[in-house]
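# Sequence plus the predicted model coming up.
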Amino acid sequence: MKNIKMFDKENINKFIPLFLLAVVMLWMKTYISQKTQFNLGVDGGFQEFLLFINPLGSAMLLLSVSLFFKGTWKYISLLGIYTFLSILLYSNVVYYRFFSDFITLPTLFQTQNFGDLGGSVLTLMQPTDALFFMDVAVLSILVFSKRIKKDARNFRTKAVIPAITMALAISFLNLAMAEGDRPQLLTRGFDRNYIVKYLGMYNYTLYDTVESLKSSSQRVMADSDSVTEVLNYTKSNYAPPNKAYFGAAEGMNVVYVHLESFQTFLMNYELHGEEVTPFLNSLIGDSNTLYFDNFYHQTAQGKTSDAEFMLENSLFGLPKGSAFITKGKNTYQAAPADLKDKGYKSAVFHGNNATFWNRSEIYKSFGYDHFFDIKSYTGLTDMDMAEYGILDKPFFEQSVDLLETLPEPFYTKFITVAHHFPYNINQELTTIEKAATGDTSVDNFFQTARYADEAIEQFFAELEDSGLADNTMIVMYGDHYGISENHNSAMEQILSKEITPIDNADLQRVPLFIHVPGMKGGVNHTYGGQIDLLPTVMHLLGVETQDNIYFGTDLLSKEHEELVTFRNGDFVSPEIYSIGDTFYDRKSGLPLAEDQLEQAKKLQEQGIYKLHLSDQTVNGDLLRFYSPEGFTPVNPADYQYKEVTTEELK
């Protein structure tokens, strides 16, 4: 087959117009999607120009691969690459609608969760989404139509070079302009929004792939010296326990209740003149309950699994993907294993499949003795089931029967699912009307929250009836937001005010209740996050943690630093909030004055350094090189979760 130059004036290859059409269509579709489907915080004409131009270089470069194919295969390859990039773009659009985030390489390895996520994904899809693939249909017609004659001639390799050079030149110019507007864009890329805003969806995907491969290689490179810097940090930042609370729950059972998708704004909130969560509201004033009203979730893409990861280990979840999935075989010194040496038996209760979020494997690495999943619950009907497993009321009812089989003291966790996106529930089970914002997710949110509140009240009563309540510390925590910032227009109706950047950050607060019989309760205004929960609980149990590698500190300690760092590098504190590129005065809500920026930048650097060390610990699996004195390392092979049902226990 005769080779030809790309732009031979006398004999232009008929493939070139189709190639250029594909480049322009993909460029425009990606720009429009980035502009309308993502909340990227584009500010000013220069950033608008970058958003417009950034898909061009990557679209041209990736589609240029088709030029290397021979004969008519270049047409098929062009369509294949175009379709793949369209699916990638659309997948990110759907993912962003709920998570306000972008897909990363590690999330693609979480395919074992996809079957359980089916209903939620369908909820996120919209009829107008068909428009995302109209151009694919057009390109398919042009490729396969017999009316359009195909040019089977091949391009010389050197003739393809100009197209690739042009694509790279556009991409590097884009990067240079982006670095000018935001220095160190790629070296401090905690926030994926910035990468997409400045470099575009496809360049972000390439960047993410490289970063993911780099992090996966850290374990191979790590050695026993790698843990020294981490250990020095955690020891120097240790906050000693508050004597008034240390040992307040010593020897007691521990019950964690995972408040799925609960946010602090729900507490004492009234809808249609009714309290949405009357039972939880009553606990705020309980004499034996500590309630923290400035407690923030710090989860990233792992969401629920990130929250669990932090409360068990006081290690941050990963910036991309879920440690539950990608680091399930790591060495950990989690709470169940640590308390085992103090005589505690441990168990998790969850009305979903054991494999969801890889729990059946990573719980072994945490040292959990038992895992009661959906197979342990019997006699269930369709009315007992939610989107992600068993509804909370039948779940708690049967779980107490299982709980009573455990020897005391025990350390346990109950994972609820009723109040989970998309917040669907049989209307026969509801006791409060929906909200009326016109946003389905927000309107449904309050009905499932009320149902969950009633289920928790039922659980407390069942613990009382079983005789366990008097010797049990109950810790209830919200795992992550339920309503993302994509729904802020509806939330402004709910809150009856405009949502400022400060308000948006405060919507990341989640409730934390710690109920201990005989302990003095009250409302605690301390700023803290999920990373701080484990040392707090351990000190309440009378367990010293000075030798543990914890990145959080006791919320009740007088030396606890009130700095809450989020996974993207933003932070909140009693005086200063860092949101995006801006530092805000907490009280006034205004950007900080110049003379206050030095302190704010120090807090930001401090938080980012802590994130870096935690990631180093997890990615390098550094805990295999260190064990606190008196800690017995976990051998996951020692744990096999036998199926036990409530029926068998009768």
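Received, thanks. Numbering: from 1, shown residues only.
# Who are the packing partners of the helix or strand containing Ala307?
Using DSSP states H and E, Ala307 sits in helix 304-313. Helices and strands touching helix 304-313, by 3 or more CB pairs under 8 Å, 6 or more residues apart in numbering; DSSP states H and E, are strand 253-259, helix 323-326, helix 335-340, strand 410-415, helix 533-540. Any C-beta I mention is one placed from the backbone N, CA and C, and that applies to glycine too.
# Please state the offset of it from the chain centre?
11 Å (CA atoms, centre = their mean, to the nearest Å).
# Can you pull the poorly scored residue ranges out of the stretch 51-200 of the chain?
Low-confidence segments of the stretch 51-200 of the chain, defined by pLDDT under 70, span residues 99, 106-120, 187-191.
# want to throw the helices and strands packed on helix 304-313 into TSV with mean pLDDT and mean neighbour count?
What follows is the helices and strands packed on helix 304-313, written out as TSV (pLDDT from 0 to 100; neighbours: other CB atoms under 10 Å):
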stretch	mean pLDDT	mean neighbour count
strand 253-259	98	23
helix 323-326	88	24
helix 335-340	97	23
strand 410-415	98	24
helix 533-540	98	26
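# neighbouring contacts of the helix holding Ala307?
Outside of helix 304-313, the residues within contact range by CB atoms under 8 Å, 6 or more residues apart in numbering are 256, 258, 260, 297-300, 302, 315-318, 322-325, 332-336, 357, 366, 413, 415, 477, 479-480, 529-531, 533-534, 552, 567.
# Name the helix or strand of the protein that has the lowest mean pLDDT.
Within the chain, no helix or strand scores below strand 3-4, which has a mean of 56 by mean pLDDT, DSSP states H and E.
# Now the element after that one, going C-ward?
helix 15-36.
# Output the contacting helices and strands for that next one.
Counting by 3+ CB pairs under 8 Å, 6+ apart, helix 15-36 packs on helix 44-63, helix 73-99, helix 134-144, helix 201-216.
# Output these in a markdown table; the columns should cover distance to Glu605 and mean neighbour count.
Converted to a markdown table, the helices and strands packed on helix 15-36 look like this (distance: least, CB to CB, whole Å; neighbours: other CB atoms under 10 Å):
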| stretch | distance to Glu605 | mean neighbour count |
| --- | --- | --- |
| helix 44-63 | 25 | 19 |
| helix 73-99 | 27 | 18 |
| helix 134-144 | 45 | 15 |
| helix 201-216 | 20 | 18 |
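# quick one, which of the ones you listed is nearest to His612?
helix 201-216 (11.6 Å; CB to CB).
# between the helices and strands packed on helix 304-313, which gets nearest to Thr632?
So among the helices and strands packed on helix 304-313, helix 335-340 is nearest, using CB to CB, at 6.9 Å.
# And the average pLDDT for whatever helix or strand comes next after that closest one is what?
Using DSSP H and E, the helix or strand that directly follows helix 335-340 along the chain is strand 345-350. Average pLDDT, strand 345-350: 98.
# now the angle from strand 345-350 to helix 304-313?
170 degrees (axes from the mean of the first three to the mean of the last three CA atoms, to 10 degrees).
# ok, back up a step: give me the mean pLDDT for the helix holding Ala307.
Mean predicted confidence for helix 304-313 is 97.
# Keeping just the C-alphas, turn it into CSV.
In CSV, the C-alpha atoms belonging to helix 304-313 read as follows (Å, rounded to 0.1, in the frame of the first residue of the first chain):
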residue,chain,number,x,y,z
THR,A,304,-18.0,5.2,54.1
SER,A,305,-14.9,3.1,54.0
ASP,A,306,-12.7,6.1,54.6
ALA,A,307,-14.7,6.9,57.7
GLU,A,308,-14.3,3.4,59.0
PHE,A,309,-10.6,3.4,58.1
MET,A,310,-10.0,6.6,60.2
LEU,A,311,-12.0,5.5,63.2
GLU,A,312,-10.2,2.1,63.4
ASN,A,313,-6.6,3.3,62.7
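# Rebuild the helices and strands packed on helix 15-36 as a markdown table, extending it with distance to Tyr609.
Formatted as a markdown table, the helices and strands packed on helix 15-36 follow (distance: least, CB to CB, whole Å):
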| stretch | distance to Tyr609 |
| --- | --- |
| helix 44-63 | 28 |
| helix 73-99 | 26 |
| helix 134-144 | 45 |
| helix 201-216 | 17 |
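# for the ones you listed, which one sits closest to Phe265?
Short answer: helix 73-99, nearest of those by CB to CB, at 18.4 Å.
# How much space separates Gly285 from Asn504?
28 Å (CB to CB, to the nearest Å).
# and these two? which has more neighbours close in?
Neighbour count, other CB atoms under 10 Å: between Gly285 and Asn504, Asn504 has more, with 14 against 11.
# Give the other helices and strands that whatever helix or strand the more buried one lives in contacts.
Using DSSP H and E, Asn504 sits in helix 501-506. Applying 3+ CB pairs under 8 Å, 6+ apart, one finds that helix 501-506 contacts strand 576-579, strand 582-585.
# can you pull out the helices in the stretch 501-650 of the chain?
501-506, 533-540, 597-619, 646-649 (DSSP state H, counting those that start in this stretch).
# Buried ones in the longest one, by neighbour count?
What it means is helix 597-619. Using 16 or more other CB atoms under 10 Å as the test for burial, helix 597-619 gives 600, 603-604, 607-608, 610-611, 613-619.
# Likewise for the first one?
Taking 16+ other CB under 10 Å as the basis for neighbour counts, the residues of helix 501-506 that come out buried are Ile502, Asp503, Ala505, Asp506.
# Reformat the helices of the stretch 501-650 of the chain as CSV; add distance to Phe68.
Shown next, in CSV, are those (distance: least, CB to CB, whole Å):
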stretch, distance to Phe68
helix 501-506, 47
helix 533-540, 53
helix 597-619, 35
helix 646-649, 62
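# for those, which one sits closest to Leu85?
Going by CB to CB, the one of the helices of the stretch 501-650 of the chain nearest Leu85 is helix 597-619, 29.1 Å.
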